[in-house]
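In: I would like the atomic coordinates for the input below:
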Amino acid sequence: LVGLFNADNRITPGKIIDALEAGGKGTITVASACTMAGIVAGCITSTGLASKLLRAIVSASGGVMIVALLLTMVCCIVLGMGVPTTATYCIMAATCAPILMSPDIGVEMLAAHFFVFYFGIVADITPPVALAAYAGAAIAKAGPMKTAFNASRLAIAAFIVPYIIAMNPAMLFINTTIPEVVMITISSIIGIFGVAAGLSGFVFRDMKWWERILCIVGGLTLLVPGSLTDLIGLVLVGAVCVLGYQAAKKEKEMLAELGIPTFKYHPNPLNTGAFEISKEGVTCDCCGKTTEIYYEAPFYAVEDIDYLCPACIASGKAAEKFDGSFQDDYSVDDGVEDAEKLDELIHHTPGYCGWQQEYWRAHCGDYCAYLGRVGAMELQTLDVMDEVLDDPMWDDEQKEMIQESVNGGHLQCYLFQCLHCGKHLVWM
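Out: Below is the predicted model of the structure:
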């Protein structure tokens, strides 16, 4: 109803037909996946293979709970492929839950049912079927398998929570007190944070490889029941967070001392070469003040400008005085409707130097942050190559060129990162 009052977004009969057509095309991949998953699940349950497979879990685990939970997780994900929610619980409760509740394993009844139902549902984002990922990929026009693997990576906490509950039934208020529940909840939240932060590689700043390992180990240790393990995990995760905070604070203070403001779309202009340092100092053409840091990237204006200080760029005075811009407003991605964001980018943000026309990427309805020049080696080191290639802007030939790019070579890439979802994009 709200859209009826907006001429740009008003739903017309033509738009309804287009939406129905797009929806029909998008359901093709989902329908085929559902069909195949239904055949697999039906064969497993109707032939009795499920019960034979699950009976083997007890003997294979040797009565060790964590091993039994891992094997049960795999079975739940397989049996939950393409099955509706209600049917998923019926199948899991009848086949998988009794295994965990057996005296050899010893998981509480409520915790066991929660565990198997949880992983039965998680099957919707777990490859190879991942029906939810197929549906999302059809909407986003992305690769189904890449979408499924990214979904699993982003939802890593969903694979940890059931283990916490199975090993700590106090989370479900079973044989416990309120203080114990509070302590377990706090340690579990910090533990999930540690694992997620270690996998993403960012806490206040980009983490080093050894910090990521410490963070993951500390997070997993916090998820193991026991005061000693909680203490070890808290120290590890806390140490990584403190180091990250101090490093980020030190970097911000250094930039403040140098007189560099914070630029939303260009967070490290000194590192990317947009600014240069002159110990003798130069005179800013805008404000007339002496500055040790001056702008070195493109500035599109009628007059020939030699030096601009960071403050005049951030305030927009330089762009206003010389009627110029730091980025061509035509060489930007579509999809950003807010005129203020475009103004922030082209009039208040330092640009970057490219071999050809500089171009600014956008994602999630906003312009991305420019991170610097990269080649294939840097993209592999940052572990973002698959992320960068999963971009509808590039065809297969261009993707091969990205994989052959060299920083400083004839095939040069420029790395951007979405300020909202963190996705990495490149311009080449």
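In: where do the strands sit along the stretch 201-350 of the chain?
Out: Using DSSP state E, counting those that start in this stretch, the strands of the stretch 201-350 of the chain run over residues 275-283, 290-295.
In: would you turn the ones you listed into a markdown table with mean pLDDT, distance to His424 and mean neighbour count?
Out: C-betas here are computed from N, CA, C, even on glycine. Formatted as a markdown table, these follow (pLDDT from 0 to 100; distance: least, CB to CB, whole Å; neighbours: other CB atoms under 10 Å):
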| stretch | mean pLDDT | distance to His424 | mean neighbour count |
| --- | --- | --- | --- |
| strand 275-283 | 86 | 23 | 13 |
| strand 290-295 | 87 | 26 | 20 |
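In: Using TSV, please lay out these together with distance to Ala248.
Out: Listed next are the strands of the stretch 201-350 of the chain as TSV, based on distance: least, CB to CB, whole Å:
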stretch	distance to Ala248
strand 275-283	19
strand 290-295	20
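In: And those strands: which comes nearest Tyr163?
Out: Among those, strand 275-283 comes nearest to Tyr163, with 48.3 Å by CB to CB.
In: That closest one - contacts with which helices or strands?
Out: Contacts defined by 3 or more CB pairs under 8 Å, 6 or more residues apart in numbering; DSSP states H and E place strand 275-283 against strand 290-295.
In: which residues are in contact with the strand it packs on?
Out: 258-260, 270, 274-279, 281-284, 307-310, 313, 350 (CB atoms under 8 Å, 6 or more residues apart in numbering).
In: Direction included, what does it pair up with?
Out: strand 275-283 (antiparallel) (DSSP bridges).
In: Return the distance of the partner strand from the chain's centre.
Out: 38 Å (CA atoms, centre = their mean, to the nearest Å).
In: what's in contact with that strand?
Out: Residues contacting strand 275-283 (CB under 8 Å, 6+ apart): 258, 260, 269-270, 289-296, 306-307, 310, 350.
In: Apply 6 Å and report the result again.
Out: Pro269, Thr290, Glu292, Ile293, Tyr294, Glu296, Tyr307 (CB atoms under 6 Å, 6 or more residues apart in numbering).
In: Return it as PDB; C-alpha atoms alone will do.
Out: Extracted in PDB, the C-alpha atoms of strand 275-283 (Å, rounded to 0.1, in the frame of the first residue of the first chain):
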ATOM      1  CA  PHE A 275      48.400  11.200   0.500                       C
ATOM      2  CA  GLU A 276      52.100  11.900   0.600                       C
ATOM      3  CA  ILE A 277      54.300  13.300   3.400                       C
ATOM      4  CA  SER A 278      56.700  16.300   3.000                       C
ATOM      5  CA  LYS A 279      59.000  17.000   5.900                       C
ATOM      6  CA  GLU A 280      59.600  20.500   4.600                       C
ATOM      7  CA  GLY A 281      55.900  21.200   4.300                       C
ATOM      8  CA  VAL A 282      53.800  22.500   1.400                       C
ATOM      9  CA  THR A 283      51.200  25.200   1.100                       C
END
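In: which stretches of the stretch 51-200 of the chain have low pLDDT?
Out: Residue ranges of the stretch 51-200 of the chain with pLDDT under 70: 51, 53-54, 58, 140-142, 157.
In: Can you show me the helices along it?
Out: Taking DSSP state H, counting those that start in this stretch as the test, the helices found in the stretch 51-200 of the chain are 65-79, 85-95, 97-101, 109-122, 131-140, 144-154, 156-167, 178-200.
In: Single out the most deeply packed of those.
Out: Comparing these by mean neighbour count (mean count of other CB atoms under 10 Å), helix 109-122 comes out on top with a mean of 22.
In: Tell me the gap between that one and the middle of its chain.
Out: On the basis of CA atoms, centre = their mean, helix 109-122 is displaced by 26 Å from the centre of the chain it belongs to.
In: what's that helix packed up against?
Out: Packing partners of helix 109-122 (3 or more CB pairs under 6 Å, 6 or more residues apart in numbering; DSSP states H and E): helix 65-79, helix 85-95, helix 97-101, helix 156-167.
In: Take those and write them to CSV, including distance to Tyr414.
Out: Listed next are these as CSV, based on distance: least, CB to CB, whole Å:
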stretch, distance to Tyr414
helix 65-79, 39
helix 85-95, 44
helix 97-101, 51
helix 156-167, 30
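In: which one of those lies closest to Pro127?
Out: helix 65-79 (9.6 Å).
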